[in-house]
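S.K.: A predicted structure for the sequence below; I have some questions about it.
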Amino acid sequence: MNYTYKLRLVPEADGGYTVFVPALPGCITYGESVEEAIEMAKEAVSLYVEDLTERGETVPDDSNTLEYSLSLVA
């Protein structure tokens, strides 16, 4: 099965990136660089999906999700 997920990488003040996977609640990881953060996210998502599959639960996916960034000047 192929799944698509959007990742949100947030730079941390002390370095590195925290990664959130919005479609998978609680799926959060960290990496020292963007590349490492993405690799860690791949592993976290894989384990998350594996767990859902083993429990017979529906696996959410971002393939039909639209994304837009809004900039607001206040």
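M.R.: Looks like it came in fine. This is a predicted model, so every value here is computed, not measured. Numbering: from 1, shown residues only.
S.K.: what about the strands in this protein?
M.R.: With strands called from DSSP state E, the chain shows them at 8-11, 17-20, 28-31.
S.K.: nearest to residue 70, of these?
M.R.: strand 8-11 (14.4 Å; CB to CB). In this view, the C-beta of every residue, glycine as well, is placed from N, C-alpha and C.
S.K.: what's next to the closest one, contact-wise?
M.R.: 17-22, 34, 37-38 (CB atoms under 8 Å, 6 or more residues apart in numbering).
S.K.: parallel or antiparallel, which strands does that strand pair with?
M.R.: Strand pairing for strand 8-11, determined by DSSP bridges: strand 17-20 (antiparallel).
S.K.: got the CA coordinates for the strand it pairs with in CSV?
M.R.: Provided in CSV are the C-alpha atoms of strand 17-20 (Å, rounded to 0.1, in the frame of the first residue of the first chain):
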residue,chain,number,x,y,z
TYR,A,17,14.0,20.0,14.0
THR,A,18,10.9,18.5,15.6
VAL,A,19,8.7,16.8,13.0
PHE,A,20,4.9,16.5,13.3
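S.K.: what comes up buried for it?
M.R.: Judged by neighbour count (16 or more other CB atoms under 10 Å), strand 17-20 contains these buried residues: 17, 19-20.
S.K.: a markdown table for those residues, including distance to residue 28 and pLDDT?
M.R.: A markdown table is the format used below for the buried residues of strand 17-20 (distance: CB to CB, whole Å; pLDDT from 0 to 100):
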| residue | distance to residue 28 | pLDDT |
| --- | --- | --- |
| 17 | 11 | 98 |
| 19 | 7 | 98 |
| 20 | 5 | 97 |
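S.K.: got JSON lines for these, with distance to residue 10 too?
M.R.: Shown next, in JSON lines, are the buried residues of strand 17-20 (distance: CB to CB, whole Å):
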{"residue": "17", "distance to residue 10": "6"}
{"residue": "19", "distance to residue 10": "8"}
{"residue": "20", "distance to residue 10": "7"}
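S.K.: one step back: mind telling me the two of the contacts of strand 8-11 farthest from one another?
M.R.: Every pair in the contacts of strand 8-11 was compared (CB to CB); the two farthest apart turn out to be 22 and 34, at 17.9 Å.
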